[in-house]
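Trainee: Only the shape, not the letters, is given here:
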């Protein structure tokens, strides 16, 4: 059974269509890159998968169960298995809270039993941070370290599906490479949806690729196949816009 199924999903903000009849599937343990220019509908689709919005039509299923944002009990169980990392690590972390409080937030919200401090230490270690930083505040860290803290918060409850929304675009090049390497490791442990306009990052990370143009899914398939033999003119345009070093 597919871990994630998006079935004929459409969505609009007011009268402006944002997604139109989008369908895709993702098997457990696979990684999917969701690519398109600004305004293509990538983040909207991620919000729908997270249950932050409801489709105007169609449905989204995780493990065969429809995502129902209005069902609070169902969404609590859902968030145990689905977590997200966002673009700006500084704005996604409460500047007044220490690392222990930030990373353990999902454990408290989801009422997960066990030694929360030990679970936080394990999550920090898993993203390459010293587990003894528990009492430090976000402003004491670099941008890359803050993003690692945000990732630790997302994985501390051991979700099955991790969603990353432009999670490296706010970082400098060197830090971006190291965070992509971290996501490569995480992709061996859980299913990953990686939203980006950066084809290079997606090529390094993802088994499969889905291309969105103005809210429509125009190309989907194995990443290598699409990058080597793009079928849709929009995909060809995206690939043609990637800077290349002169021969």
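Mentor: That came through, no problem. Worth saying up front: this structure is predicted, and the values here are computed from it rather than measured.
Trainee: and residue 163, what element?
Mentor: According to DSSP states H and E, residue 163 maps onto strand 161-165.
Trainee: Give me the residues contacting that strand.
Mentor: Residues outside strand 161-165 that contact it (Cβ atoms under 8 Å, 6 or more residues apart in numbering) are 3-4, 42-43, 46, 49-50, 62, 81-87, 154-155, 183, 186, 190-195. Heads up, the C-betas are built off the backbone N, CA and C, glycines and all.
Trainee: Same question for stretch 122-137.
Mentor: Residues outside stretch 122-137 that contact it (Cβ under 8 Å, 6+ apart) are 95-100, 103, 117, 120-121, 141, 145, 148-149, 151-153, 155-156, 182.
Trainee: Okay, now it: how far is its last residue from its first?
Mentor: End-to-end distance for stretch 122-137, by Cα to Cα, to the nearest Å: 19 Å.
Trainee: Could you give the average pLDDT over it?
Mentor: Averaged across stretch 122-137, pLDDT comes to 94.
Trainee: Show me which residues of it are buried.
Mentor: Across stretch 122-137, burial judged by 16 or more other Cβ atoms under 10 Å covers 123-124, 126-129, 131, 133-134, 137.
Trainee: For residue 237, state which of those is nearest.
Mentor: Nearest to residue 237 among the buried residues of stretch 122-137: residue 127, at 35.3 Å, using Cβ to Cβ.
Trainee: Now that closest one: closest residue in space that isn't a chain neighbour?
Mentor: Residue nearest to residue 127 in three dimensions, not counting chain neighbours: residue 148, with 4.3 Å by Cβ to Cβ, 6 or more residues apart in numbering.
Trainee: my guess is that neighbour meets residue 175, correct?
Mentor: No. The pair residue 148 / residue 175 is not scored as a contact, 9.7 Å apart, by Cβ atoms under 8 Å.
Trainee: more crowded one of these two?
Mentor: Using other Cβ atoms under 10 Å as the criterion, residue 148 and residue 175 rank with residue 148 on top: 24 against 17.
Trainee: ok, now which ones touch that one?
Mentor: By Cβ under 8 Å, 6+ apart, residue 148 lies in contact with 124, 127-129, 179, 182.
Trainee: now it, what's its secondary structure?
Mentor: helix (DSSP: H, G, I helix; E, B strand; the rest coil).
Trainee: quick one: pLDDT of it?
Mentor: 94.
Trainee: again, but for residue 247
Mentor: Residue 247 is given a pLDDT of 45.
Trainee: and residue 216, what are its bridge partners?
Mentor: Beta-bridge pairing of residue 216 under DSSP bridges involves residue 213.
Trainee: Could you check how many residues crowd around it?
Mentor: Using other Cβ under 10 Å, residue 216 has 17 other residues around it.
Trainee: Same check on the one 10 residues further on?
Mentor: Burial of residue 226, expressed as a neighbour count using other Cβ under 10 Å, amounts to 25.
Trainee: got it, and residue 241?
Mentor: 10.
Trainee: Distance-wise, check it relative to residue 87.
Mentor: 21 Å (Cβ to Cβ, to the nearest Å).
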